[in-house]
Each structure stands twice: as C-alpha cells, then as structure tokens.
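>>> Generate coordinates for the sequence data below:
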Amino acid sequence: MDEMAMLRELGGRLDREPPGTLARQRNRLSAGPVRGRAVWRWRAAVAGGLAVTLAVGFALAQTVRFGSREPSASADAAEVLIKAAATAAKEPAPRPDQFVFVHFKERQDGETREGTDWLSADGRRVGLLRRNPPLGGPPGRKGWGQEWACEEGNHPATDLRHPPSCKATSMYRSDLPTDAGRMLAYLYQQDGGGSKDDAAWEQASDLTGEALPPRSRAALLEAMARIPGATVIKNVTDDAGRPGVGVAYVSGNTAHREREILIFDRSTYAFLGERNVLVKSFNGRPPGTVTFYSVLLRTAYVDRVGQMP
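I've put the predicted structure just below:
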C-alpha cells in the first residue's frame, strides 16, 4: 500500500468518529510524518561541536498575572503553563547550518510507531526521517525504513552522502505571533469541533507538537493559560515512565469526550509528550481507554544527517 492509499484508509476510519477531538490525530498521521513536518518540541544545545541534550529549568516563585487579569485556566494549571512558557523562552537555538535530531514514539488505534528525525535548522539542507514501521509500508510490516524529507514528497534514502535535489522541509514555523495576547486571538480564529474554547485549545495543542521559535512557544503556552477549562494533574507518568505534571483539557461532544493530557517535566517544565483518554464509553471502549499517546525520548543538535548524539 502506498502512502496516499494508507492515508485515505486512515482518514476514512477517522472520519467515522465525531468531529473535533480526533482532528489532531489525523493531522499528525498525515501532515506530520509523511510530509516531514516536525511534530515535537526541542530542548537541546551544542557545546564545542558535540551534540548534548540540555534540560532547561526555570521556576517561578508565584503565579503570574496577565496585567489585571487572572489566568482563565485553573490556578494550578495556569501556573504550570506559565512555568513551561518561561522554560520555552530560555531555550537555546541551533546554528543555522545544524540539524535538529529527535527520537520519539507514538501510539494510536493499537499501532505504535517509533521515529528519529534529522531536520535542517534553517530549511536549506534536506533532512532525513527514519520510522519503524516504515512510512507507506504494508500493514504489519516491521523494521526501520528511511526517507529524505522533501516538501513535495519524501524520497527513499539509500546513500546518506547524496541527498536528492529537492526543496528541504523546514524545521521551524516562523509565521506565528510572539506575544500571548496576539497568540490568543490567533487561536480563537481557528475552526474546530465543539465550543470556541474547545477549538482554541485543540489548535493550541496541535501547535505544542510542532517546532516553534522560543518566543512563539512561550507566547503559545501563556495563551493556553487564558483558555478556560484546563486542570492540573499533579502526579502523572508519561508513556516512557518519566514522572511529570499534567495539564488536562476535556473536549468533544455528548457522545464522545476525551481528556487530553499535556505532560511536562516535574522539575524543568519541559514538554515530555501527551496522552488522550476516553472520559466515557465510546465504540465499545470503556472510560479510561488511552486512544493516543506520544513521547519525546531524546533531542539534540547535530552537524549532519544520520549523526547520533
């Protein structure tokens, strides 16, 4: 089965679900892995030419107010998001000629996929995607496959010394606001299922899984603190077994409601991943069923595709 046939099959399966809640899963399965768009948040630095991961921590002594307004999420959830924003604002940046390396794992509808990416920091050099199972492979196929990440469509990668002549997939989005007020307005302009708050949160949640410049990421997390309805889960473990703190939001309709949990490192407030859980029975699946999870396992900045940190 080729990539487009696989995506049509996945899209048809998702289209039988109520709109809204599963939109972001469809986005990740289509636009993310196949097109090469980065779907993770990065926290890494390079020292002396060697790739090293960096856990950035920044703790606030008090809950931050936005002018005269209290954050609209619950006080605890807003505080977590503000601390995460402060961490994001302190993130280092790669050199323009470097690649961002990321190792991640995600699971949906019983299928687990692991991946490692090398994507160009300035979008001028062609990056590399490795997936297990491979992108576009037949159902049930196991093992790693690799492809060059090109905007017009990925190319099989057999020789890392000779990338194809194609337009490279850019790592970072640079078209988003860099202050919380304008970011909040941007989020509420987006369409989605459920209420306006649900649509804004879903759009924001999608963006947490993309590679954003530090100022835009900080603005996004601050804006999320102003969306009503988020709550905090003080003790949560991500799907790699790491302890964290979760910010949860329930969206959907009367028939199908899911709780999405964004998980942050308990000490540094760096983003670790997310998990979606059914709030009530749906399609024969009981409440508490995990419908989707994703975890960021490692990130770094490296000097060439295929280089391991």
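>>> give me the number of residues near residue 214?
18 (other CB atoms under 10 Å). All C-beta spots, glycine's among them, are computed from the backbone N, C-alpha and C.
>>> That one touches residue 90, doesn't it?
Yes. Using CB atoms under 8 Å, residue 214 makes contact with residue 90 at a distance of 7.4 Å.
>>> Now residue 115, what are its backbone angles?
phi -150, psi 150 (degrees, to the nearest 10).
>>> which SS state does residue 221 fall under?
Look at residue 221: counting by DSSP: H, G, I helix; E, B strand; the rest coil, its state is helix.
>>> What separation is there between residue 153 and residue 117?
The gap separating residue 153 from residue 117 is 16 Å, by CB to CB, to the nearest Å.
>>> Give me the residue at the spatial middle of this structure.
Nearest residue to the geometric centre of the chain (CA atoms, centre = their mean): residue 209, 1.5 Å.
>>> I'd guessed that one sits against residue 260; true?
No. Using CB under 8 Å, residue 209 is not in contact with residue 260; the gap is 11.2 Å.
>>> and for these two, which residues touch both?
The contact sets of residue 209 and residue 260 overlap at residue 274 (CB atoms under 8 Å, 6 or more residues apart in numbering).
>>> Spell out the residue ranges of the helices in the stretch 151-300 of the chain.
In the stretch 151-300 of the chain, the segments counted as helices under DSSP state H, counting those that start in this stretch are 180-188, 196-208, 214-224.
>>> and the angle for the shortest one with helix 214-224?
Note on geometry: by axes from the mean of the first three to the mean of the last three CA atoms, to 10 degrees, helix 180-188 and helix 214-224 are set 70 degrees apart in direction.
>>> returning to what we had before: residue 153 and residue 117: who's more crowded?
Using other CB under 10 Å as the criterion, residue 153 and residue 117 rank with residue 117 on top: 27 against 14.
>>> Could you verify that the more buried one is part of a strand?
Yes. Applying three-state DSSP, one finds residue 117 inside a strand.
>>> Who is it paired with across the strands?
Under the criterion DSSP bridges, residue 117 forms beta bridges with residue 102, residue 129.
>>> hang on, isn't it packed against residue 135?
No. If you go by CB under 8 Å, residue 117 and residue 135 don't touch, sitting 11.6 Å apart.
>>> Spit out the residues that contact these two alike.
Common neighbours of residue 117 and residue 135, counting by CB under 8 Å, 6+ apart, are residue 129.
>>> what about the closest residue to residue 160 other than its chain neighbours, which SS state?
In space, and not counting its chain neighbours, residue 160 is closest to residue 306: 4.8 Å by CB to CB, 6 or more residues apart in numbering. Assigned state for residue 306: coil (three-state reduction, three-state DSSP).
>>> Residue ranges in this protein under the pLDDT threshold?
1-73, 137, 139, 192-193, 254 (pLDDT under 70).
>>> out of all of them, which strand in it is the longest?
As assigned by DSSP state E, the longest strand anywhere in the chain is strand 290-302.
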